[in-house]
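>>> Provide a 3D model corresponding to the input given below.
(chains A and B)
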Protein chains: 2
Amino acid sequence: MADIIIKNGYILTMDPSVDNIRNGVVVIEDGRITDVCEKTEEAADIVIDAQGSVVMPGFINTHTHAGMTLFRGYADDLALSDWLENHIWPAEAELTASDVYAGTRLACLEMIKSGTIAFADMYFFMDEVGKVVESSGLRAALSYGMIELWDEEKGKRELKEGKSFVNEWNGKADGRISAMYGPHAPNTCSKEFLMKVREQATEDNAKIHIHVLETEAELNQMKEQYGMCSVNMLDSIDFFGPDVLAAHCIWLSDGDMDILRNNNVNISHNPVSNMKLASGIAPVTKLLDRGANVCLGTDGCASNNNLGMFEEMKAAALLQKVDTMDPMALPARQVLEMGTVNGAKALDINSGMIRKGYNADVIIVDMNKAHLNPLYDVPSHLVYSAGSSDVRTTIVNGKVLMDDYRVVCMDEQKVIDEARDAAAELISRVDAKK
Amino acid sequence: MADIIIKNGYILTMDPSVDNIRNGVVVIEDGRITDVCEKTEEAADIVIDAQGSVVMPGFINTHTHAGMTLFRGYADDLALSDWLENHIWPAEAELTASDVYAGTRLACLEMIKSGTIAFADMYFFMDEVGKVVESSGLRAALSYGMIELWDEEKGKRELKEGKSFVNEWNGKADGRISAMYGPHAPNTCSKEFLMKVREQATEDNAKIHIHVLETEAELNQMKEQYGMCSVNMLDSIDFFGPDVLAAHCIWLSDGDMDILRNNNVNISHNPVSNMKLASGIAPVTKLLDRGANVCLGTDGCASNNNLGMFEEMKAAALLQKVDTMDPMALPARQVLEMGTVNGAKALDINSGMIRKGYNADVIIVDMNKAHLNPLYDVPSHLVYSAGSSDVRTTIVNGKVLMDDYRVVCMDEQKVIDEARDAAAELISRVDAKK
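Numbers count the residues shown, from 1 in each chain, chains lettered A, B, ... in the order given. Just a heads-up that it's a prediction; the model follows:
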C-alpha cells in the first residue's frame, strides 16, 4: 500500500525524458515518487483528487535570508547605503535568536503556502533556522553568513562558527537539511579568507553559497583592490566548482560567464530584488545559451518583499525579454526549469521533476480560477498568470505540509502572530537606540 | 439609515488632504461615500467588519481589451509579427459577438476578484461589452477600436460604428459606462481619419482612447511617412487634450513628453505587456516629474496574461527602479496613486479616493496573511507583497460585487465554464481554417 496517490491531475513532469500526462497519477511511498502513470490499481493511505489541477515539482528558492522576513516592508524605496546603514544594519544589530526563529517560521509558512519545497538560506543564528526547517518539514541548504572584513581574528571566529554549523547540521532532518559554507561576498571577505573557506569546504565535503557581483560598486571595488573583477579573483584562487552557489551575478563580462560555465558554478538569479534595489540586470539569456545552470531566488523579504516563486518566474521572463528586446527570450518552459530542475541541480537534490525514484516534493496548483482560464498551455499559465495563492497542496519528502489550502505542519495564525509580536518588540528596541 | 458601513479597517484614503485612519469607518449611501471617520453612531443595512484589513479605493485599469481574455496564454514567447499575423489576427477573425461576451464576462469576474472597480476597454462587438459591464456592476470607459488603414471607405464605416456606439452607450448603466472614440493608433489610421475622429469626439462630448508609440516600429514608420513622430503628428492636428487617453507612450523624446504634459493628455502605462512583448520601457519617472498624469493598465490577456493591478503596480515600480538605476524611483505611494487617483482622473470619474462625496468604489484587502506580515507600512505591502487574491471585498457604486471572497454579482463557475467552452469552439474554428 502506497502512502499517497494523487489522481486526476495534469502531470507536468518537468522531466525531459517523460511526456506530461493530461490525466495522470503520481504514487508516493517512503518519501519517494514510486510511479508516474495514467492509471493505477494501487491503494494508498491518502488519496488526493487533483481534478482541474496541475501536479508538478515544487519550487526551489536558491537564494534567500529567511530571518529577514521580519523586515518585510520595514524600509523601502531608499538608496542602497541609506537602506543598509540607517535601517537594515541597525535592525539586524538588535536581532536575537528568537527573532530569527520567528522570522524564519513565517518565511517557511509563506514558502509552504506558495509551493516552495526547498530553499537556500544565508543568515545568522542558523541553529534556529535549522530547528525551524526540521520541524516545518521543508528541505533547505543552510549557511551561516560569514563576514570577515579583512579582520583576521574576526575571520577565525567566523570560520569557526561556519564550520561548527556545517558539522552539526549537514545531513540532518533525514537528509532534508544540508549545510553549506556562506562567505558573504568577495568585497566583504579577503582573498585569503576565501581561500581558507574553499579549503575547509572541500575538506568537509560541504558546498559554498556566496554573493557575486550583485552591484556595480562591488565590481569597481574589486578592480581597484585586485585589478580584476570578483569572478577573475575567485577563479585565480580555484574557488569555483559545481559545489558553488553564486547569487546575483549581475555585472559579468563575457569572459566571466565563460568562467562560471566552465566551472559548472550554479547561478541564482534574483530578478525582483535586483530590480527593486536597482542593482542591475543579470545576463541570464547569455548564461543559459552557454549552458550554465541558472536557477531562481527571491532574496530576503527586505528587498522583494515576498517569497513567491511564481512572481519570481514571471519577473525573470519579463525582464530578459525587455532587456534583450526579444519577446522570445526566456520562454515559459525555460523559466519553469529554472524554478524547479535547475534549482534541484544547484542544491544537489533529487527533486525538481515528477519522476520515479525522485523525492516526493510535489505541489498541486488549482487551475479552476478565473485568471487561469481558458487553458491552452500549462507552462504559459504557470509563468504568466498564476500566483502564490493558486497552490492548493504542498508535499515534501512524501509528507503533506499543506492540504487543500490548509497548512497542517504548523499553526498558521500562531506563526503570524508570533512574528508580528517579535517584529514589534525588535523595532521598539531599535527605535530606543536612535 | 446608511446602505453600507465598513468598520474596524485601516482606511487608506489616497486623499492628499485627509490622513489615513488606523481604525476607521466608511459610510456608504446611494452609491456615494457619505462619511469617512473614526467612529459612527449610524446604522446600515450591511455592516462589514474590516478587522485586520485595509479599506482603500479600488483599482482603475486604464487600458485593456477585455474580450481578449479568451486568448489568455494562447500564443506566448513569440516574435511580435508571428504572434499577431499567425496567431492573434487569425483567431480574432473568427471571434463572434458571443465569444466577446463570454471573454469579457471572464475578464469582469477576474477584475472584480482582484479589486478593479473600473476599466478602459478598446475592442469590437462593443455592444456585448456594454451589456456585460451593465450587468456586472463594474464601471467602464468603452470604445470601439477603429482601424482605418488608409482606406477611406473603411474609415467611414469605422467612424459610423464608433459614433453609433458612443451615441448608444455614453452615460448608460446609471452613468457607470462612458463611451469613448477608439482610433486604434497613428500607424493604423491616417492623419485625415484622426482629424475626423477628433472633430466628432468634440462634437459628441466624448473622450478618445488611442495607442501611441507602443513600438519602435511605429516611431520609424511615422518618421518615414510624416517626417515626425506620432506625438508631433497628433499635436500638429490639435488632437491632444485632457480628454485623450494615450496607451503605452514608450518611444517618447523629451519634447514629446512636454507636449503630452502641456496638453494634459492621460498616459496609460502598461509595464507587464511592454516587457512581455519586448516593446520597451516607458519613461514614467520623467513623465511624472513633469507633472503628467500617468495611470496604469494591464493591456489584454494575450500579452500579460492576467488583469491583476497589484502585479501591475509592482512591475511598474521595479521596472522604473532598474531602468533608472535608482532604487528611490517610483516609490510605493506614487505607484498606488497611478493605480487609483490618476486612473480616476484619466477616466474623469469621482473615484480613486476614499473621500466624502466620492463614488463608493471601495475594496477591502485582507492583511492577515503570512506574506503581509509583519506590517510596518501599508502602501509598501500593497505594492511590493500583496497579490490579486488578497482582495476580500469589492464594492462599486455602493453595491457589493464580491463579499468576503464570494462573488455575488455573477455565477463564478458558470462564467469560467462558458468562457472555456467558447474558447474551445473558437480555436477549433481557427484550426479548421489552417
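>>> Endpoints of stretch A:340-359, how far apart?
Chord length of stretch A:340-359, first to last residue, is 13 Å (Cα to Cα, to the nearest Å).
>>> Show me which residues of it are buried.
Neighbour counts over stretch A:340-359 (16 or more other Cβ atoms under 10 Å in any protein chain shown) mark A:340-347, A:349, A:351-355, A:358-359 as buried. Every residue, glycine included, has its C-beta placed from N, CA and C.
>>> Can you name the two of these that sit furthest apart?
A:A346 and A:I354 (18.8 Å; Cβ to Cβ).
>>> what about the residue in the stretch 151-300 of chain A that chain B sits nearest to, helix or strand, and which?
Proximity of the stretch 151-300 of chain A to chain B (Cβ to the nearest Cβ) peaks at A:M275, 3.7 Å away. Here A:M275 sits within helix A:271-276, counting by DSSP states H and E.
>>> Now do that helix: which elements does it pack against?
helix A:309-324, helix B:309-324 (3 or more Cβ pairs under 8 Å, 6 or more residues apart in numbering or on different chains; DSSP states H and E).
>>> Report the secondary structure state of the one residue sitting closest to the centre of chain A.
The C-alpha lying nearest the average C-alpha coordinate of chain A belongs to A:N61 (Cα atoms, centre = their mean; 1.9 Å). The assignment at A:N61 comes out as strand when based on DSSP: H, G, I helix; E, B strand; the rest coil.
>>> Bridged to it, which residues?
Beta-bridge pairing for A:N61 (DSSP bridges): A:F119.
>>> My guess is it contacts A:L296. True?
Yes: contact between A:N61 and A:L296 holds when scored by Cβ atoms under 8 Å: they sit 7.2 Å apart.
>>> any common contacting residues for those two?
Common neighbours of A:N61 and A:L296, using Cβ atoms under 8 Å, 6 or more residues apart in numbering or on different chains, are A:309, A:312, A:343.
>>> can you count the residues close to the first one?
By the measure other Cβ atoms under 10 Å in any protein chain shown, the count of residues near A:M309 is 28.
>>> buried sites along the worst-scoring helix or strand of chain A on mean pLDDT?
Ranking every helix and strand in chain A by mean pLDDT, DSSP states H and E puts helix A:80-83 at the bottom, with a mean of 87. For helix A:80-83, a neighbour-count test (16+ other Cβ under 10 Å) marks A:80, A:83 as buried.
>>> Alpha carbons of that helix, as PDB, please.
Presented in PDB, the C-alpha positions along helix A:80-83 are these (Å, rounded to 0.1, in the frame of the first residue of the first chain):
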ATOM      1  CA  LEU A  80      21.200  51.300  -1.000                       C
ATOM      2  CA  SER A  81      23.600  52.900   1.500                       C
ATOM      3  CA  ASP A  82      20.700  54.600   3.400                       C
ATOM      4  CA  TRP A  83      18.700  51.300   3.300                       C
END
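>>> Downstream of that helix, the next helix or strand is which one?
Following helix A:80-83 toward the C-terminus (DSSP H and E): helix A:89-94.
>>> quick one: the next helix or strand along the chain from that next one to chain centroid distance?
Beyond helix A:89-94 in the direction of the C-terminus, DSSP H and E gives the next helix or strand as helix A:97-113. Averaging C-alpha positions (Cα atoms, centre = their mean, to the nearest Å) puts helix A:97-113 14 Å from its chain's average.
>>> again with stretch A:256-264
The answer for stretch A:256-264 is 21 Å, by Cα atoms, centre = their mean.
>>> got it, and stretch A:322-335?
The answer for stretch A:322-335 is 21 Å, by Cα atoms, centre = their mean.
>>> Same question for stretch A:24-42.
The answer for stretch A:24-42 is 27 Å, by Cα atoms, centre = their mean.
>>> Next, the buried residues of it.
So for stretch A:24-42, counting by 16+ other Cβ under 10 Å, buried means A:24-29, A:31-34, A:36, A:40.
>>> I'd like to know how far the residue of the stretch 151-300 of chain A closest to chain B sits from B:T324.
A:M275 is 11 Å from B:T324, where distance means Cβ to Cβ, to the nearest Å.
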